[in-house]
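Chemist: Predicted model and sequence below, questions to follow.
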Amino acid sequence: MIDASEIAPGLYQGSRPPEGDALRRAGFRTLALCAREIQGGHYPGVRVVRCPLDDAELSGPEWSAAWRAAREVAAALPHGSVLVTCVQGRNRSGLVSALVLYLVFGVSSDTCVDLVRAGRDGDLARLGRGGALTNPSFARAIRALV
C-alpha cells in the first residue's frame, strides 16, 4: 500500500514508500526521500531524489538540501506525478512539499503551509499520526520566505 496524499496536481506527500515497482505501477515518476534514515531502497522505473533531513531544528545545510530537492521535484512535476516522503509523511516531506508549492505555484509562504496541512492532515488523522508540518523550526523557516 502506498501512503500518499495529493497536495497539488501531481504533487503527493507520504510516509516510507514501499520498495519494488509499486510506485511505478501507481504512476509515480519521481520519488523524493527526505528522511535521513531512509535513503536506500530499490525503486525501479522511478527517479529518486535524495534529501537526507533530520526532524529536528533546521540547520543551514539541511535548509540548502531541502531547497535543492524542491527544485528537483519542481522540475520533475511536468513529467509526471511526484511522491515526497519521510518516515511518517509529516514534517520533512512537508517542508520539501511546501517549498515546491512556493516555487511552482508562486503562492505565499503561509498558503504553502496551509496547503500542505490541508492536503495531508486528514490522511494522517486516519493513520493516528498527528498533523503535518508540526515541527516549529520547519514551519518558521517556510513562513519566513518573502
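Modeler: Looks like it came in fine.
Chemist: Show the contacting residues for A56.
Modeler: N135, S137 (CB atoms under 8 Å, 6 or more residues apart in numbering). C-betas here are computed from N, CA, C, even on glycine.
Chemist: Of all the residues in the helix or strand bottoming out on mean pLDDT in the chain, which ones are buried?
Modeler: Every helix and strand in the chain was compared by mean pLDDT, DSSP states H and E; the lowest is helix 109-127, with a mean of 89. Judged by neighbour count using 16 or more other CB atoms under 10 Å, the buried positions of helix 109-127 are S109, C112, V113, L115, V116, R117, G119, R120, D121, D123, L124.
Chemist: Now flag whichever of these is closest to R24.
Modeler: Distance ranking of the buried residues of helix 109-127 against R24, using CB to CB, places D123 first at 21.6 Å.
Chemist: That closest one against D3, yeah?
Modeler: Yes - using CB atoms under 8 Å, D123 is in contact with D3, at 7.1 Å.
Chemist: Check the contact lists of the two and give me the overlap.
Modeler: G89.
Chemist: circling back to that earlier point, any chance of a markdown table for the buried residues of helix 109-127, columns distance to R90?
Modeler: Converted to a markdown table, the buried residues of helix 109-127 look like this (distance: CB to CB, whole Å):
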| residue | distance to R90 |
| --- | --- |
| S109 | 18 |
| C112 | 15 |
| V113 | 13 |
| L115 | 15 |
| V116 | 10 |
| R117 | 10 |
| G119 | 12 |
| R120 | 7 |
| D121 | 9 |
| D123 | 10 |
| L124 | 6 |
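Chemist: Sweet, I'm off.
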